[in-house]
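A.B. asks: Just need the structure, nothing else, for what follows:
(2 chains)
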Amino acid sequence: MSHPLDVLAEPTRRRILDALRPERAVGDIAAELELSQPLVSKHLKVLRDAGLVDVRVDAQRRLYRVRPESLRELDAWLEPYRALWSTALDDLERHLDEH
Amino acid sequence: MTEVRPATEADLERLIARDRANAHYEKERFAAQERGEALLLIAWDGDEIRGRVRFRFFSKYIEVLDNLGEFPEINALDAWPTGAGVGTLIIAECERIAAERGDSMIGIGVLVSNVQARRLYERLGYDYWGDVIDDGEPAAYLFKNIP
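C.D. replies: You can find the predicted model right below:
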């Protein structure tokens, strides 16, 4: 399985992921993002293979949705870097106070 | 004059009576229509059934869904007697329904061994897209753009 970060490095896939709130059919995503349906379908397959998206059948349509679990994993991966970000902000605040 | 219309429960009995050995397939197709997942269309010539098709709302082949997207698919097409133009009429009705739904494409899978059917689809404007596997058998996938 591809790593979610590798998969989301592609800008179109990030746009598709953003468009999946709430769940949507491929034709609706293609229309909203002004992309061809085959292109969206191929990107959805990559997102699905990476575990970022899943699909359910609702009678006449297949609805794609974000898998929150996969984003939680990404969030956990970012956690140690948050400390660096907080430190950098503290440094900036100190710098501004001193000058 | 042949007319193509969605099956009713009474039609299903007539369809099954024609081929009892495959009754479970017809029942499953009708049940799918009842669940809103597909249409089971029957061609009538007066009081005689001349053919049927399952109009799926999206492809049953994962490789089609992953590469082309979602659009209706003609499935389980059969017409009798062969060569009487009923198959062509059923396909035309499927294309009309697809156009009415606002779909831009319609597809069909045809077994590699079914050369005659493939010739008909190509004559009706269907283009080859790629190879698929249909219940373990090699098949070609064809599609047509809906104007």
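A.B. asks: List the contacts of B:A84.
C.D. replies: Shown in contact with B:A84 (Cβ atoms under 8 Å, 6 or more residues apart in numbering or on different chains): B:R50. Yep, even glycine has a C-beta here, placed from its N, CA and C like the rest.
A.B. asks: State the distance from it to chain A.
C.D. replies: Applying Cβ to the nearest Cβ, to the nearest Å, the value for B:A84 to chain A is 31 Å.
A.B. asks: Equivalent analysis for B:L68, please.
C.D. replies: Counting by Cβ to the nearest Cβ, the gap from B:L68 to chain A is 5 Å.
A.B. asks: Surely that residue touches A:S41?
C.D. replies: Yes: look at B:L68 against A:S41 with Cβ atoms under 8 Å: they come within range, at 6.4 Å.
A.B. asks: Closest residue of chain B to chain A?
C.D. replies: Taking Cβ to the nearest Cβ as the measure, the point where chain B comes nearest chain A is B:G69, at 3.4 Å.
A.B. asks: Now that residue: which helix or strand?
C.D. replies: If you go by DSSP states H and E, B:G69 is not part of any helix or strand.
A.B. asks: what packs against the helix or strand hosting A:Y64?
C.D. replies: Using DSSP H and E, A:Y64 sits within strand A:61-66. When contacts are defined as 3 or more Cβ pairs under 8 Å, 6 or more residues apart in numbering or on different chains; DSSP states H and E, strand A:61-66 packs onto strand A:24-25, helix A:26-33, strand A:53-58.
A.B. asks: Please repeat the previous calculation with a cut-off of 10 Å.
C.D. replies: If you count contacts as 3 or more Cβ pairs under 10 Å, 6 or more residues apart in numbering or on different chains; DSSP states H and E, strand A:61-66 packs onto helix A:11-19, strand A:24-25, helix A:26-33, helix A:37-49, strand A:53-58.
A.B. asks: Nearest to chain B, out of those?
C.D. replies: helix A:37-49 (3.4 Å).
A.B. asks: Show me which residues of chain A are close to chain B?
C.D. replies: A:25-27, A:29-30, A:36-42, A:44-46, A:48-49, A:55, A:57-62 (Cβ under 10 Å from any Cβ of the partner chain).
A.B. asks: rerun at 7 Å
C.D. replies: Proximity of chain A to chain B (Cβ under 7 Å from any Cβ of the partner chain) is limited to residues A:A25, A:V26, A:G27, A:Q37, A:P38, A:V40, A:S41, A:K42, A:K45, A:A59, A:Q60, A:R62.
A.B. asks: Just the buried subset of those, written out for PyMOL, thanks.
C.D. replies: Restricted to buried positions by 16 or more other Cβ atoms under 10 Å in any protein chain shown, the PyMOL selection for the residues of chain A next to chain B reads:
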select buried, chain A and resi 25+26+27+37+38+40+41+42+45+62
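A.B. asks: just to revisit the earlier point, the strand holding A:Y64: which residues count as buried?
C.D. replies: Residues of strand A:61-66 classed as buried by neighbour count (16+ other Cβ under 10 Å): A:R61, A:R62, A:L63, A:Y64, A:V66.
A.B. asks: what's the spacing between the fourth one and B:M105?
C.D. replies: Counting by Cβ to Cβ, to the nearest Å, the gap from A:Y64 to B:M105 is 19 Å.
A.B. asks: The helix or strand of chain A with the lowest mean pLDDT to strand A:53-58, inter-axis angle?
C.D. replies: When the helices and strands of chain A are scored by mean pLDDT, DSSP states H and E, helix A:68-98 comes last with a mean of 83. With axes from the mean of the first three to the mean of the last three Cα atoms, to 10 degrees defining the directions, helix A:68-98 sits at 140 degrees from strand A:53-58.
A.B. asks: Go through helix A:68-98 and flag the buried ones.
C.D. replies: By 16+ other Cβ under 10 Å, the buried positions in helix A:68-98 come out as A:S70.
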